[in-house]
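> Fold the following for me, if possible:
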Amino acid sequence: RRREAHTQAEQKRRDAIKRGYEDLQHLVPACSQYDSTTSYKLSKAAILSRSIEHINHMSKDMSAQEKELQRLRKEVVGLSIMKSNYEKMVQLHQQSQPGLQTNQITDDVKFGIFEAIFDNLFQSFDKSVEVTNFTQLSG
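Numbers count the residues shown, from 1 in each chain. Next up, the predicted model:
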């Protein structure tokens, strides 16, 4: 009985290790089911070796991404400071000239300028592009 119990326990342990290697092999992209050069199943040592390489590669990528994140955070802080400074400069400028209106140009005038620019652009487009059929237009 004792021997059978020991044998069963040892078999459970081996099965757990085997499942662990199979799970690792499925998780690590470099561990395909078969070795491409010999078409044999990968050995446990090869699975471990490729897994270690993959983890090291991911660790380096993560470090690089963390450095980039820190750089971007610093850039955001710098841009926020610049934005704040420019907003203060605008406020000071507006306060120094109290009679100055902020919206001196009406929307009608803006639309008129927009219309004049795009009318000229459309006329030049209409002269240079043939639009008699869709094939010529898309060409």
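
> element containing residue 82, please.
helix 44-96 (DSSP states H and E).

> Just the mean pLDDT for that helix, thanks.
Average pLDDT, helix 44-96: 91.

> can you check stretch 25-32 too?
85.

> what does that stretch rub up against?
24, 33, 42, 46, 47, 50, 51, 53, 54 (CB atoms under 8 Å, 6 or more residues apart in numbering). Every residue, glycine included, has its C-beta placed from N, CA and C.

> Pull out the buried members of these.
24, 42, 47, 50, 51, 54 (16 or more other CB atoms under 10 Å).

> Identify the farthest-apart pair in the residues you listed.
42 and 54 (13.1 Å; CB to CB).

> if we can go back for a sec, now render the buried ones among the contacts of stretch 25-32 as JSON lines, adding distance to residue 72.
Below are these laid out as JSON lines (distance: CB to CB, whole Å):
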{"residue": "24", "distance to residue 72": "34"}
{"residue": "42", "distance to residue 72": "39"}
{"residue": "47", "distance to residue 72": "37"}
{"residue": "50", "distance to residue 72": "32"}
{"residue": "51", "distance to residue 72": "31"}
{"residue": "54", "distance to residue 72": "26"}
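
> on that earlier part again, what is the rounded mean pLDDT of the helix or strand just after the helix holding residue 82?
Under the assignment DSSP H and E, the closest C-terminal helix or strand after helix 44-96 is helix 107-128. In this model, helix 107-128 carries a mean pLDDT of 82.

> now helix 107-128, how far from the chain's geometric center?
Distance, stretch centre to chain centre, for helix 107-128: 38 Å (CA atoms, centre = their mean, to the nearest Å).

> ok now the strand or helix carrying residue 25, how far from the chain's centre?
Element membership of residue 25 [criterion: DSSP H and E] is helix 2-27. Distance of helix 2-27 from the chain centroid (CA atoms, centre = their mean) equals 40 Å.

> and what of stretch 114-133?
39 Å.
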